[in-house]
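A.B. asks: model this:
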Amino acid sequence: MPVTPKFQLTQTPTHITISIRAQYARLETAEAYVDEKSFLFAATPYYLRLYFQERLVVNEDPRCSFDSDKNLYSFEVQKEVEGTEFKHLNSVGSLLANPESAAEEAKFTGISVMGEEDDVESEEEKEDGENDTGNDSLASGGLGGVLEAQNSKPQISYIYGHIKSLFFNEVHTLFQLKSTETSQADRIRLSEDICRVDFDQNHYYSDLKGDEDEDLHTVTGLPPMKKIISAKLPESKLEPEYTDAEFELVQKLPRRKPLLTKNDKKICTAQFIEILYGVCYVNRSLEFNSEDLEFDPACYTVRRLSRGLSWLVIDSDIHKTVKNLLQRTLSYSLRRNFELSKMVLQDMVKILNSGVVPVVRCLLESVQWCNFSEAKIISDCFIVPVLLWIQNRDDSWLKTLGERIVKSGDSICLDDLGFEIESFSEMEDSDDSEESSEDSESGEEAEEEEMDYDEILEQIEKYKLYLEEQEKAGAAENSTRLIQEMDDLNI
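C.D. replies: Reported below is the predicted structural model:
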């Protein structure tokens, strides 16, 4: 079976540069061909065909340079129209997906192809974070009707066609939602109410003041909160190029581009924010140390922080989504600190500003965590469709989304979350008053103990005098045994 080599694309106003690393290929067997909308490369045992939406100049023998040290083939392919910007060059899945087979699949599922891209975009759509559409159906693995957006009617009532029938028997333990018959308004209300009920003020306050307890870190192995908050996001998370392992995972994903309506895009945007936030939280809580990572707890954390993955309901408003993430972090995460939550939002923005590759890298982490735990169906139904869709986002779209997250995060304070949290000064004053009352009580008890001890010594001295008088009254030359023992004790 042919092997897909690792590749990377860059562009200038006139050319597309395609860099292919074929480590085990024989140079004399390498062949390449440029079609109007595709590029083909073959060198035993490698085979690669890339599909583009824009047009190229047909060339049966494109210009190529070879780096023998890196086994790197570099092809320069000319654009048909100079100055044309080729989109989604970082989307491995869409570049490998054959548009003709995707169109046939869409016809088979009963959904017609609406077009490659939305050419006209209103200002309202830009604010909602939408800029294009693909050419495949949600019915073959999309978000569908179980994930419902507020004030919207679901187009499809099933995910993978059977999620509802299997829900109670197979996967109901993965969710906080207990019945799919619950309306979306009730799901949102229940999720907020239960989140407030599950909030533990003592847990929150212990994380807030936990740096003073050195024994806690020694026994549990948890890093101090100050150390977690001050940790810096590694540059490896922001690299603009996939590693070999990451590229292998990306090219194994389903090769299709989801067909999304305006409402579906809102669902995907909110769901994407929740998943990315969960991954960023897990990484920061471990100080970005992958050696301490365990898949089951990491997957559980991502699922619980996301209301979409816990209650199967989405609020399409970005501000409300960010606020809900901050609320759930203080109720369900292991380390509950509001400043930590704000740092996680900053990590998200840095990743969004770095482009598509760092974003896909984070989503791949969540897919791995779910696949190696007992929640693979979560990955297949809810994370992979978002991952396929996010590959086709432009860097400008991601930066705009990051700006909206920054705006929402800055406008939310601790009091806005709706938790009953005493002010820090009141809690400290109450603690001080309790300590002072305990000190006074312990002082009184100590005085009582001292008084009792003094009285005992006084009684002993009186008894010694009494014995001495008895001894003198008796035989002066024979001292009693009791007096000798008491003298030896030096009381």
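A.B. asks: what bridges to the closest residue to residue 67 other than its chain neighbours?
C.D. replies: Leaving aside its sequence neighbours, residue 67 sits nearest to residue 74 (CB to CB, 6 or more residues apart in numbering; 7.4 Å). Any C-beta I mention is one placed from the backbone N, CA and C, and that applies to glycine too. Using DSSP bridges, the beta-bridge partners of residue 74 come out as residue 19, residue 65.
A.B. asks: tell me the spacing between residue 74 and residue 29.
C.D. replies: The gap separating residue 74 from residue 29 is 17 Å, by CB to CB, to the nearest Å.
A.B. asks: likewise residue 303?
C.D. replies: 48 Å.
A.B. asks: the two: which has the busier surroundings?
C.D. replies: Taking neighbours as other CB atoms under 10 Å, residue 303 and residue 29 compare with residue 303 leading, 25 against 12.
A.B. asks: where's the more buried one, which helix or strand?
C.D. replies: Using DSSP states H and E, the element containing residue 303 is helix 295-305.
A.B. asks: so what does the next helix or strand after that helix touch, helix or strand wise?
C.D. replies: Using DSSP H and E, the helix or strand that directly follows helix 295-305 along the chain is helix 307-311. Packing contacts for helix 307-311, counted by 3 or more CB pairs under 8 Å, 6 or more residues apart in numbering; DSSP states H and E, involve helix 184-198, helix 262-285, helix 295-305, strand 313-314.
A.B. asks: which among those is found nearest to residue 209?
C.D. replies: Nearest of those to residue 209, taken as CB to CB: helix 262-285 at 17.8 Å.
A.B. asks: just how off-centre is that closest one within its chain?
C.D. replies: Computed by CA atoms, centre = their mean, to the nearest Å, the chain-centroid distance of helix 262-285 equals 8 Å.
A.B. asks: what's the mean pLDDT across it?
C.D. replies: Mean pLDDT, helix 262-285: 92.
A.B. asks: quick one, that helix and helix 295-305 angle?
C.D. replies: 130 degrees (axes from the mean of the first three to the mean of the last three CA atoms, to 10 degrees).
A.B. asks: residues of helix 262-285 that come out buried?
C.D. replies: Judged by neighbour count (16 or more other CB atoms under 10 Å), helix 262-285 contains these buried residues: 263-285.
A.B. asks: what's the burial count for residue 411?
C.D. replies: Residues within reach of residue 411, counting by other CB under 10 Å, total 11.
A.B. asks: that one - nearest residue in space that isn't next to it in sequence?
C.D. replies: Residue nearest to residue 411 in three dimensions, not counting chain neighbours: residue 319, with 7.5 Å by CB to CB, 6+ apart.
A.B. asks: check which helix or strand that neighbour maps to.
C.D. replies: helix 318-332.
A.B. asks: angle of that helix against helix 295-305?
C.D. replies: 130 degrees.
A.B. asks: list the helices and strands helix 318-332 packs on?
C.D. replies: Using 3+ CB pairs under 8 Å, 6+ apart, helix 318-332 is in contact with helix 184-198, helix 262-285, helix 295-305, helix 338-353, helix 395-411.
A.B. asks: want to throw those into TSV with distance to residue 90?
C.D. replies: Below are these laid out as TSV (distance: least, CB to CB, whole Å):
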stretch	distance to residue 90
helix 184-198	34
helix 262-285	16
helix 295-305	24
helix 338-353	14
helix 395-411	9
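A.B. asks: domain-wise, how is the protein divided?
C.D. replies: Following automatic domain parsing, one gets these domains for the chain: 6-86, 145-425, 461-491.
A.B. asks: I'd say residue 208 and residue 330 touch.
C.D. replies: No: applying CB atoms under 8 Å, one finds residue 208 not in contact with residue 330, separated by 10.6 Å.
A.B. asks: tell me the pLDDT at the residue nearest to residue 411?
C.D. replies: The score at residue 319 is 95. That number is its pLDDT.
A.B. asks: for residue 366, same thing?
C.D. replies: 95.
A.B. asks: what about it, distance to residue 319?
C.D. replies: For residue 366 relative to residue 319 (CB to CB), the value is 23 Å.
A.B. asks: which stretches of the stretch 151-300 of the chain have low pLDDT?
C.D. replies: Within the stretch 151-300 of the chain, the stretches with pLDDT under 70 are 151-169, 210-220.
A.B. asks: out of the helices and strands packed on helix 318-332, which comes closest to residue 47?
C.D. replies: For those, the distance to residue 47 is smallest for helix 395-411, at 29.6 Å, taking CB to CB.
A.B. asks: ok, and what's touching the closest one?
C.D. replies: 126, 129, 131, 269, 273, 318-319, 322-323, 342, 345, 348-349, 352-353, 355-356, 359 (CB atoms under 8 Å, 6 or more residues apart in numbering).
A.B. asks: now, of the residues you listed, which are buried?
C.D. replies: 129, 131, 269, 273, 318, 322-323, 345, 348-349, 352, 355-356, 359.
A.B. asks: now those in TSV, with distance to residue 378?
C.D. replies: Formatted as TSV, the buried ones among the contacts of helix 395-411 follow (distance: CB to CB, whole Å):
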residue	distance to residue 378
129	23
131	27
269	19
273	17
318	23
322	22
323	23
345	23
348	20
349	25
352	23
355	26
356	23
359	19
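A.B. asks: look up how far residue 54 lies from the closest residue to residue 350 other than its chain neighbours.
C.D. replies: Once flanking residues are discounted, residue 350 sits nearest to residue 233: 5.8 Å by CB to CB, 6+ apart. Separation of residue 233 from residue 54 (CB to CB): 34 Å.
A.B. asks: which one's more surrounded, those two?
C.D. replies: Using other CB under 10 Å, the more surrounded residue of residue 233 and residue 54 is residue 233, with 18 against 14.
A.B. asks: helix/strand/coil for the more buried one?
C.D. replies: With DSSP: H, G, I helix; E, B strand; the rest coil as the basis, residue 233 sits in coil.
A.B. asks: does it touch residue 239 like I think?
C.D. replies: No: at 11.9 Å, residue 233 and residue 239 do not qualify as touching, with contact defined as CB under 8 Å.
A.B. asks: which parts of this protein are strands?
C.D. replies: Taking DSSP state E as the test, the strands found in the chain are 6-11, 15-21, 31-34, 38-43, 46-51, 63-67, 72-78, 148-149, 313-314.
A.B. asks: residue contacts, residue 3?
C.D. replies: 45, 46, 47.
A.B. asks: which strand residues bridge it?
C.D. replies: If you apply DSSP bridges, the partners that residue 3 bridges to are residue 46.
A.B. asks: right, and residue 386 touches residue 275 too?
C.D. replies: Yes: the pair residue 386 / residue 275 is scored as a contact, 6.5 Å apart, by CB under 8 Å.
A.B. asks: just the terminal-to-terminal distance for stretch 407-418.
C.D. replies: Taking CA to CA, to the nearest Å, the first and last residues of stretch 407-418 lie 20 Å apart.
A.B. asks: flag the shaky bits of the stretch 1-150 of the chain, pLDDT-wise.
C.D. replies: In the stretch 1-150 of the chain, residues with pLDDT under 70: 101-150.
A.B. asks: can we see that at 90?
C.D. replies: 1-3, 23-29, 44, 53, 61, 63, 68-71, 87-94, 96-150 (pLDDT under 90).
A.B. asks: in space, what's closest to residue 342 - neighbours in sequence excluded?
C.D. replies: With CB to CB, 6+ apart as the measure, residue 409 is the residue that lies nearest to residue 342, at 6.3 Å, once sequence neighbours are left out.
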